[in-house]
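Peer 1: whatever this is, show me its structure:
(2 chains)
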There are 2 protein chains.
Amino acid sequence: MPKKVDHEARRREIAQALWRIASTRGLDGAGLRDVAAEAGISLGRLQHYFRTKDAMLAFALRHINALADRRIRDRIEALDGEPTPREVLRTCLIGMLPLDDRSRTGALVGAAYFVRAVHDADLRAEAKNGIPHLRDFFTGQLRRAADRGELPPARATDDEAMLLISLADGLSTYLLLEVHTQEQALRLLDLHLGQLFEGEARE
Amino acid sequence: MPKKVDHEARRREIAQALWRIASTRGLDGAGLRDVAAEAGISLGRLQHYFRTKDAMLAFALRHINALADRRIRDRIEALDGEPTPREVLRTCLIGMLPLDDRSRTGALVGAAYFVRAVHDADLRAEAKNGIPHLRDFFTGQLRRAADRGELPPARATDDEAMLLISLADGLSTYLLLEVHTQEQALRLLDLHLGQLFEGEARE
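Peer 2: Modelled structure (predicted):
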């Protein structure tokens, strides 16, 4: 099905043009016409793929999230030996922070998207779409840590998982605003993880 | 100096018009012309007070932050008797969350502003302006708790203060996206505070 593959590739090229705009000047300046110009195609051709700005944004967000997912999975697979649940969680959380160009672009697109999503139920559904899945994955790692005697069973909960995810989100904001340096953000993350896991010794 | 007072009042009216736009459809649609129309004044008159969109945004953000500050101070003063440091911190953190119309508007304006600030050093300086002060206040409360034997001294640090602030920011995002209900956000906040303060018994 070469035709279908081409369509998908073209959609991704358009999404990348959108990211270039969003990560340098935000989504204010990212109308369909601007994105078409950035992608080097006509407005009519872009509208063949995305009829509205919101449809284009939803695709771009899904695609950038899928890339982030893949990047984090690759990093987990690259961990030496059999990684502990704590190592897996730390790798995920660091992967969620804007610490390099690609994750910074993802965070900027996500933030620009977030502002629109607050006012639009469909976009909001898309923006929060992956979170229950991520929470379940985190809770699963916490349960695995509890089974291995590395975490008090009482702390292997959905709430502890959401606390980690909420913290990563707050740290991302302050990294983008340059309130935290990279070193500070990692130190705060490790402080929280230390208290979560090392609570065990004190039970 | 009645003239100066009038100017200040007019600037606040313009800021409120900006918030009404920002909290319903974001800052995409908030050009100087739109804000002038919402405030019921001419573009020329608005430009007498704010020459650029960024100057207007900076004033509006400072003003909404000052109102939030005042609201939180009032709530702390309304606490019964001599509030404990933990009660003061909890009251501040809850005041930072978008749990009612006014704080929701503040969070929405802040979020819209944030997206612009990431691309602009002057706006970024403004956006992160109050954070060291807030951190110092939080650290002071943690030290007071340690002095009272309510917190291990090792946890009365700037890093613990920034962890609390970062968490409030992440929880705000997820409240606006309706990932968390108000009850869930408060539960997560209390979970973190509990682990911070109740760690003491386990030392």
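Peer 1: and for stretch A:95-112, what's in contact with it?
Peer 2: By CB atoms under 8 Å, 6 or more residues apart in numbering or on different chains, the surrounding residues in contact with stretch A:95-112 are A:18-19, A:22-23, A:26-27, A:30, A:60-61, A:64-65, A:67-68, A:71-72, A:75, A:127, A:165, A:168-169, A:171-173, A:175-176, A:182, A:185, A:189, B:111, B:114-115, B:118. From N, CA and C alone the C-beta is placed, and that goes for glycine too.
Peer 1: in ChimeraX, how would I select just the buried ones from those?
Peer 2: Buried members of the contacts of stretch A:95-112 can be picked out in ChimeraX with the line below, counting by 16 or more other CB atoms under 10 Å in any protein chain shown:
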select /A:18,19,22,23,26,27,30,60,61,64,65,67,68,72,127,165,168,169,171,172,173,175,176,185,189 /B:111,114,115,118
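Peer 1: quick one: the helices in chain A?
Peer 2: Defined through DSSP state H, the helices belonging to chain A, from first to last, are A:2-25, A:32-39, A:43-49, A:53-77, A:85-96, A:101-117, A:121-127, A:131-147, A:158-176, A:182-202.
Peer 1: tell me which of those helices sits most buried.
Peer 2: Neighbour counts (mean count of other CB atoms under 10 Å in any protein chain shown) averaged over each of the helices of chain A peak at helix A:158-176, with a mean of 23.
Peer 1: who are the packing partners of that helix?
Peer 2: helix A:85-96, helix A:101-117, helix A:131-147, helix A:182-202, helix B:158-176, helix B:182-202 (3 or more CB pairs under 8 Å, 6 or more residues apart in numbering or on different chains; DSSP states H and E).
Peer 1: to residue B:36, which of the helices of chain A lies closest?
Peer 2: helix A:101-117 (22.2 Å; CB to CB).
Peer 1: just checking the distance from the closest one to the centre of its chain.
Peer 2: Relative to its chain's centre, helix A:101-117 lies at 9 Å (CA atoms, centre = their mean, to the nearest Å).
Peer 1: tell me who's in contact with residue A:50.
Peer 2: The neighbours of residue A:50, taking CB under 8 Å, 6+ apart as the test, are A:11, A:14, A:32, A:56, A:59.
Peer 1: got the contact list for the last one?
Peer 2: Taking CB under 8 Å, 6+ apart, we find residue A:59 in contact with A:11, A:15, A:50.
Peer 1: would you mind giving those as TSV with distance to residue A:93 and pLDDT added?
Peer 2: Supplementary listing: the contacts of residue A:59 in TSV, determined by distance: CB to CB, whole Å; pLDDT from 0 to 100:
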residue	distance to residue A:93	pLDDT
A:11	30	91
A:15	25	91
A:50	32	92
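Peer 1: could you single out the nearest of those to residue B:89?
Peer 2: Distance to residue B:89, by CB to CB, is smallest for residue A:15 among the contacts of residue A:59, at 42.1 Å.
Peer 1: check contacts around the closest one.
Peer 2: The neighbours of residue A:15, taking CB under 8 Å, 6+ apart as the test, are A:56, A:59, A:60, A:63, A:64.
Peer 1: what's the pLDDT at the second one?
Peer 2: On the pLDDT scale, residue A:59 is placed at 87.
Peer 1: coming back round to it: I'd like the helices of chain A as a markdown table, with distance to residue B:193 appended.
Peer 2: Compiled in a markdown table, the helices of chain A are given as follows (distance: least, CB to CB, whole Å):
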| stretch | distance to residue B:193 |
| --- | --- |
| helix A:2-25 | 36 |
| helix A:32-39 | 44 |
| helix A:43-49 | 48 |
| helix A:53-77 | 29 |
| helix A:85-96 | 21 |
| helix A:101-117 | 26 |
| helix A:121-127 | 28 |
| helix A:131-147 | 20 |
| helix A:158-176 | 11 |
| helix A:182-202 | 12 |
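Peer 1: and residue B:44, which of those helices is closest to it?
Peer 2: Across the helices of chain A, residue B:44 has its closest neighbour in helix A:2-25 (27.5 Å, CB to CB).
Peer 1: out of everything not next to it in sequence, what's closest to residue A:10?
Peer 2: residue A:49 (6.1 Å; CB to CB, 6 or more residues apart in numbering or on different chains).
Peer 1: how close does residue A:162 get to residue B:128?
Peer 2: Plainly put, residue A:162 is 26 Å away from residue B:128 if you go by CB to CB, to the nearest Å.
Peer 1: for residue A:92, same thing?
Peer 2: Taken as CB to CB, the span from residue A:92 to residue B:128 is 26 Å.
Peer 1: how about residue A:157?
Peer 2: Relative to residue B:128, residue A:157 is positioned 33 Å away (criterion: CB to CB).
Peer 1: what does residue A:128 give?
Peer 2: Distance check for residue A:128 against residue B:128: by CB to CB, it reads 26 Å.
Peer 1: also residue A:67?
Peer 2: Using CB to CB, which is the criterion applied here, residue A:67 is 29 Å from residue B:128.
Peer 1: ok, now residue A:57?
Peer 2: Counting by CB to CB, the separation of residue A:57 from residue B:128 is 27 Å.
Peer 1: same deal with residue A:52?
Peer 2: Shown here: residue A:52 relative to residue B:128, a distance of 34 Å by CB to CB.
Peer 1: okay then, goodbye and thanks.
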